[in-house]
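Undergrad: Turn this into a model:
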Amino acid sequence: MPQTMKAIQVSRAGGEFELVERPLPAPNEGQVRIRIHACGICHSDLFVKEGLFPGIEYPRIPGHEVVGVVDALGPGVTAWTPGQRVGVGWHGGHCHHCDACREGDFVNCANAKITGISFDGGYAEYMTAPEESLARVPEDLDSVAAAPLLCAGITTYNALRNSGARPGDLVAVQGIGGLGHLGVQFARQMGFRTVALSRGTDKEALARELGADEYIDTAATDAVAALQALGGARVILATAPNSRLISALFSGLGRNGRMIVVGVDNEPIEVTPLQLIAGNHGLSGWASGHARDSEDTLAFSALRGVNAIVETYPLAQAAQAYERMLNNEARFRVVLTMES
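TA: Numbering: from 1, shown residues only. Alright, predicted model coming up:
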């Protein structure tokens, strides 16, 4: 058993990624240690890199799309055994005591932890995590393929399965990128009539290959008119972080339709009261889920062949990989792989 591990850390807000050698972490009570096989790079890792989330203690190891195997158990852990394949997503554990926890709403726990923010994450060869943050990974899912499902996957899967749409309903996915290419697959496999929306024709063939029944080129077509010609969308899943385009698309909803926003932008979405009232339309957001949702996402993906399209990089190239993600150059998710 090694006594040290390689890790990528950020020493201060706005600091650079640093490849360091750290002591192997020991699991405390209620924790497990994970030997990491793969960790996805997510746009939310910007929170750690630039210090945009309150209360981050530095140095910090980012990463919340983690897949590996249980390596060691802390005192009191009985639900896991060494050698099990597990994943850890954005939700890094909860307190078990607040009102939300008592009601089983662990996502809204008042004291919820965030992987890679509240504690060190997956840009490393090993990490420790609270036992309740772990999700079982199906044996027939490759670790690299599974990693992005623990953030981009769970976000789009959970948003769609809680959207109120039923098989046969028209569901539109705005943006065919890191989130959207998974959203199209989930929508198709859930039985929705799936419409992909993106600028230009270069992604049409891919969108149809992923399962889209229809493709709307928003650069050449009035997307609202095109959606209304199809009967209006029961759900629009907005994955591309562009509030102006999201606002313009809202009127593509059909009666009782709902727009669910999962692509993060700092600009406001502009929707008038008349747009909400006429047609009984809704606008909401969705954020990830807890470990049970991660297990559901992974199991559904394995069952129905939903796959993230990824680029892989060794741990030592985390800085280059992060820049490709940040500059929207990656196709479509970026995953770090560990040598150990």
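Undergrad: going on from the worst-scoring helix or strand of the chain on mean pLDDT, what's the next piece of helix or strand?
TA: Lowest mean confidence among the helices and strands of the chain (mean pLDDT, DSSP states H and E): helix 99-102, at a mean of 91. Note on helix 99-102: by DSSP states H and E, the next helix or strand toward the C-terminus is strand 126-130.
Undergrad: Can you show me the strands along the stretch 201-340 of the chain?
TA: Assigned by DSSP state E, counting those that start in this stretch, the strands in the stretch 201-340 of the chain fall at 214-217, 233-238, 253-261, 282-285, 310-314, 333-337.
Undergrad: Excluding sequence neighbours, find me the nearest residue to residue 320.
TA: residue 313 (6.7 Å; CB to CB, 6 or more residues apart in numbering). Any C-beta I mention is one placed from the backbone N, CA and C, and that applies to glycine too.
Undergrad: If that neighbour is in a bridge, with which residues?
TA: residue 336 (DSSP bridges).
Undergrad: any idea how far it lies from residue 334?
TA: Relative to residue 334, residue 313 is positioned 7 Å away (CB to CB, to the nearest Å).
Undergrad: Common neighbours of these two, please.
TA: In terms of CB atoms under 8 Å, 6 or more residues apart in numbering, residue 313 and residue 334 are both contacted by the residues residue 321.
Undergrad: coming back round to it: so the residue nearest to residue 320 makes contact with residue 330?
TA: No. Residue 313 lies out of contact with residue 330 (CB atoms under 8 Å); the separation is 9.8 Å.
Undergrad: between those two, what contacts are shared?
TA: Listed contacts common to residue 313 and residue 330 are residue 321; contacts here mean CB under 8 Å, 6+ apart.
Undergrad: Any stretches of the protein with poor pLDDT?
TA: For the chain, the stretches with pLDDT under 70 are 340.
Undergrad: Can you read off the backbone torsions of residue 184?
TA: phi -60, psi -40 (degrees, to the nearest 10).
Undergrad: need the contact list for it.
TA: 173, 176, 194, 196, 207, 210, 211, 212.
Undergrad: Surely residue 79 and residue 131 touch.
TA: Yes. With contact defined as CB under 8 Å, residue 79 reaches residue 131; the gap is 6.0 Å.
Undergrad: Skip the chain neighbours and tell me the closest residue to residue 194.
TA: residue 187 (4.3 Å).
Undergrad: Partner strands of the longest strand along the chain, with direction?
TA: For the chain, the strand that runs over the most residues, judged by DSSP state E, is strand 31-41. Strand 31-41 has its sheet partners listed here by DSSP bridges as strand 66-73 (antiparallel), strand 126-130 (antiparallel), strand 333-337 (antiparallel).
Undergrad: And the nearest residue to residue 108 once chain neighbours are set aside, how far from residue 290?
TA: Counting by CB to CB, 6+ apart, residue 108 lies nearest to residue 100, which is 4.3 Å off, once chain neighbours are set aside. Distance, residue 100 to residue 290, using CB to CB: 11 Å.
Undergrad: what about the two, which has more around it?
TA: residue 290 (25 against 17; other CB atoms under 10 Å).
Undergrad: how close does residue 10 get to residue 314?
TA: Distance from residue 10 to residue 314, by CB to CB: 18 Å.
Undergrad: Kindly report the same for residue 43.
TA: Noted for residue 43: a distance of 21 Å to residue 314, by CB to CB.
Undergrad: Of those two, which one has the most company?
TA: Legend: neighbour count by other CB under 10 Å for residue 43 and residue 314, higher for residue 43 (17 against 13).
Undergrad: wait, that one sits on residue 327?
TA: No. Between residue 43 and residue 327 there is no contact under CB under 8 Å: 11.0 Å.
Undergrad: So residue 179 sits against residue 153, correct?
TA: No. Counting by CB under 8 Å, residue 179 does not reach residue 153; the two are 9.0 Å apart.
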